[in-house]
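Participant: 3D, please:
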Amino acid sequence: MSNLVVHFEIHASDPDRLIAFYSQLMGWSFQRFGEMDYWSIDTGEGAITPSGGGNGINGGLTRRQGPAPEVGGAVNGANIVIGVDDVDGLFAKGLELGGTEALAPSDMPGVGRLAYLQDPDHNIFGMISPVLSDGTNVMGS
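Facilitator: Reported below is the predicted structural model:
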């Protein structure tokens, strides 16, 4: 291993609520580990699996052990950024599903289109696409 990130975890005060949020927003599937308050997250085709391959990672969701972050609060731990096709569309859908704006969609020249939401339990996560608002693809294709 070369110190690559291979797994992420989301902490949830109400796991069922966040499972519904991320399932509907990102199309992720969740599988509970026995009776534990832990669910594996399958982010879909293209994720790295134990048998190899892939470019993305899968994760887990666990019951939160302390208080949730405050609405509008700063990032108080690590966060994830998810590669998506449509930052603006998913940002709007995330708001409809009970998320709150952390950073509205905006272009970062040379990087892509980026936005951050707080999920219904106030975890901050980002979304990024290589396509800017004017249609320019920063990846050159």
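
Participant: So this protein: which segments form each domain?
Facilitator: 1-65, 79-141 (automatic domain parsing).

Participant: Flag the shaky bits of this structure, pLDDT-wise.
Facilitator: 1, 141 (pLDDT under 70).

Participant: Same question for residue 88, what's its three-state structure.
Facilitator: helix (DSSP: H, G, I helix; E, B strand; the rest coil).

Participant: Counting neighbours, which bits of stretch 25-45 end up buried?
Facilitator: 25-26, 28, 30, 39, 41, 43 (16 or more other CB atoms under 10 Å). Bear in mind the C-beta positions are built from the backbone N, C-alpha and C, glycine included.

Participant: what's the answer for stretch 52-64, then?
Facilitator: For stretch 52-64, by 16+ other CB under 10 Å, it's 57-62, 64.

Participant: And these, which is closest to residue 95?
Facilitator: In terms of CB to CB, no member of those lies closer to residue 95 than residue 61, at 20.9 Å.

Participant: Parallel or antiparallel, list what pairs with the helix or strand where that closest one lies.
Facilitator: Secondary-structure assignment from DSSP states H and E places residue 61 in strand 58-63. According to DSSP bridges, strand 58-63 forms sheet pairs with strand 7-12 (parallel), strand 38-42 (antiparallel).

Participant: sorry, back to before: redo the buried residues of stretch 52-64 as TSV? Include distance to residue 115.
Facilitator: Below are these laid out as TSV (distance: CB to CB, whole Å):
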residue	distance to residue 115
57	20
58	22
59	20
60	24
61	22
62	25
64	24
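
Participant: Run the chain-centre distance for stretch 31-49.
Facilitator: Chain-centre distance of stretch 31-49: 14 Å, with CA atoms, centre = their mean, to the nearest Å.

Participant: Alright, that wraps it up for me.
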